[in-house]
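Q: A predicted structure for the sequence below; I have some questions about it.
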Amino acid sequence: MPKLINSTANDTCFFCGKQANWVSVNAKIFRCLEKITQCPGFIKKAEESRKKNIPEAKRKEHLRNIGINGNKKLKELHKDKDWVDKKSKKISEAIVSRGGHAGVKNPMFSKNHKQSSKELQSEKAKNRSPKSYLNATLTKIDRGLATPKNLKSDFELYEEKVDNITRNSWIKFNSIINEDKVERGSDYELDHKYSKFEGFKNKISPDIIGHPMNLQLLPKFANRSKRHKCSITIEELILLIENFK
């Protein structure tokens, strides 16, 4: 999809009237976004068309059938190991390219889900069968993507807890941890001022090691050189945490 190089104020989207940044190849129609299905005007027009051509009752029945039967073709593809491996690799490469799940290129970077969305997902999680979580874990173990807990060392179990708390701290307090707004990923890495290794050795709670006051972004080389060293004492860290509260 060609992008407009020298767009003017007169170049407006055919569907919503906003500033056009793209033009379709064949129809030569200006559009505000590369993916026209994301344009608010196009979405509104498509919805009006659906309401006009498909009775509401019939549409609800169609959506209900999809929910019951699912996507049969997709289910068949998931039985194909080669297809699953290629799909997994593609997803992994996309995650790496945007600096991980918490990278600045993630569409949800520095954003929060609406409370209504959180409540909906929470309700779904409560109703989900515990067996589904177990099956997901067993699948990862079977594919060599995860290690059974009974085979993990005490440090690995401790690190796992710290990483979970760290992830939540990064999402919730990103603006505090990353005051300079540098891009986390290839050049900068998230560092624990008081290291996870020292935290494990001295039996420090994972909540303290994963706390936002113990996190900072460092250039990759500096972070790798630091290794298990600490750039703060545990007394200094606890004082920072107390003041943070």
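A: Sure thing, it's come through.
Q: what number of residues lie near Lys90?
A: Close neighbours of Lys90, defined as other C-beta atoms under 10 Å, add up to 10. In this view, the C-beta of every residue, glycine as well, is placed from N, C-alpha and C.
Q: Could you do the one 10 residues further on as well?
A: The local packing of Gly100 (other C-beta under 10 Å) involves 16 other residues.
Q: Pull up the per-residue confidence for it.
A: If you check Gly100, the pLDDT there is 72.
Q: Phi and psi next, for Val25.
A: Main-chain dihedrals, Val25, degrees, to the nearest 10: phi -70, psi -50.
Q: Now do it against Asn243, distance only.
A: Counting by C-beta to C-beta, to the nearest Å, the separation of Val25 from Asn243 is 58 Å.
Q: Okay, and Glu189 sits in which element?
A: strand 188-192 (DSSP states H and E).
Q: Counting by contacts, list what that strand packs against.
A: Applying 3 or more C-beta pairs under 8 Å, 6 or more residues apart in numbering; DSSP states H and E, we find strand 188-192 packed against helix 154-172, strand 215-219, helix 220-226.
Q: Lys114 and Thr137: what is the separation?
A: 29 Å.
Q: what about these two, which has more around it?
A: Each of Lys114 and Thr137 has its neighbours counted (other C-beta under 10 Å); Thr137 has more, 14 against 8.
Q: Now do the contacts for the more buried one.
A: Ala146 (C-beta atoms under 8 Å, 6 or more residues apart in numbering).
Q: let's see 10 Å
A: Residues near Thr137 by C-beta atoms under 10 Å, 6 or more residues apart in numbering: Leu145, Ala146, Pro148, Lys149.
Q: Give me the buried positions along stretch 182-190.
A: Arg184, Gly185, Tyr188, Glu189, Leu190 (16 or more other C-beta atoms under 10 Å).
Q: Make JSON lines from those and add distance to Ile176 and pLDDT to it.
A: Shown next, in JSON lines, are the buried residues of stretch 182-190 (distance: C-beta to C-beta, whole Å; pLDDT from 0 to 100):
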{"residue": "Arg184", "distance to Ile176": "14", "pLDDT": "83"}
{"residue": "Gly185", "distance to Ile176": "19", "pLDDT": "78"}
{"residue": "Tyr188", "distance to Ile176": "16", "pLDDT": "88"}
{"residue": "Glu189", "distance to Ile176": "18", "pLDDT": "91"}
{"residue": "Leu190", "distance to Ile176": "13", "pLDDT": "92"}
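Q: Can you tell me which of the residues you listed is nearest Phe14?
A: Lowest distance from Phe14 to those (C-beta to C-beta) belongs to Gly185, with 36.6 Å.
Q: Count residues in the vicinity of the nearest residue to the closest one once chain neighbours are set aside, would you?
A: Among residues not flanking Gly185 along the chain, Gly99 sits closest, at 2.9 Å (C-beta to C-beta, 6 or more residues apart in numbering). A count of neighbours around Gly99, defined by other C-beta under 10 Å, yields 19.
Q: ok, Gly99 touching Leu217?
A: No: applying C-beta atoms under 10 Å as the test, Gly99 and Leu217 come out as separate, 11.4 Å apart.
Q: now the helices for the chain?
A: Shown for the chain, the helices assigned by DSSP state H span residues 40-53, 56-69, 72-77, 81-97, 115-127, 130-142, 154-172, 174-177, 196-201, 206-209, 220-226, 234-244.
Q: Going by contacts, tell me the helices and strands next to the longest one.
A: This points to helix 154-172. Under the contact criterion of 3 or more C-beta pairs under 10 Å, 6 or more residues apart in numbering; DSSP states H and E, helix 154-172 touches helix 174-177, strand 188-192, helix 196-201, helix 206-209, strand 215-219.
Q: What lies in contact with it?
A: Contact with helix 154-172 is made by 100-102, 108-112, 147, 149, 152-153, 176-178, 184, 190, 192, 196-197, 199-201, 203-215, 217, as judged by C-beta under 10 Å, 6+ apart.
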